[in-house]
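Novice: quick check, what structure comes out for this input:
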Amino acid sequence: MTLMEKVTEIFREVFDDADLVITEKTNASHIKNWDSIAQINLIIAFEEKYDLKFTTEEIGNLTCVGDMLNLLQEKGVR
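Specialist: Now for the predicted structure:
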């Protein structure tokens, strides 16, 4: 399973949408319920799934799915 597939699974869980399709360019404007609470839920889901902690700066730099993929890879997630 690719990292994108793993990330997609987390997005589908957080947004409770088994058919959700995301790309590296997907951002909050593309997903109806992606608000500040959903953003926090996404961060928590990734931290729990991969046993990571993100800094406030790292979280602040996340603007799209591609940013999350890059950050996960920087932290050694494959």
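
Novice: helices or strands next to the longest helix along the chain in the packing?
Specialist: Assignment by DSSP state H gives helix 36-50 as the longest helix of the chain. Helix 36-50 sits against helix 3-14, helix 65-74, with contacts defined as 3 or more CB pairs under 8 Å, 6 or more residues apart in numbering; DSSP states H and E. Bear in mind the C-beta positions are built from the backbone N, C-alpha and C, glycine included.

Novice: so how far is it off the chain centroid?
Specialist: Centroid separation for helix 36-50 versus its chain: 7 Å, with CA atoms, centre = their mean, to the nearest Å.

Novice: give the next helix or strand downstream of it.
Specialist: helix 56-60 (DSSP states H and E).

Novice: and that next one, what's its mean pLDDT?
Specialist: For helix 56-60, mean pLDDT is 96.

Novice: which residues outside that helix are in contact with it?
Specialist: For helix 56-60, contacts defined as CB atoms under 8 Å, 6 or more residues apart in numbering pick out Ile43, Leu71.

Novice: quick check: buried residues in that helix?
Specialist: By neighbour count on 16 or more other CB atoms under 10 Å, the buried set for helix 56-60 is Glu58.

Novice: distance from the chain centre to it, please.
Specialist: 13 Å.

Novice: now the helices and strands packed on helix 36-50 in JSON lines, with distance to Ile44 and mean pLDDT?
Specialist: Shown next, in JSON lines, are the helices and strands packed on helix 36-50 (distance: least, CB to CB, whole Å; pLDDT from 0 to 100):
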{"stretch": "helix 3-14", "distance to Ile44": "9", "mean pLDDT": "98"}
{"stretch": "helix 65-74", "distance to Ile44": "13", "mean pLDDT": "97"}
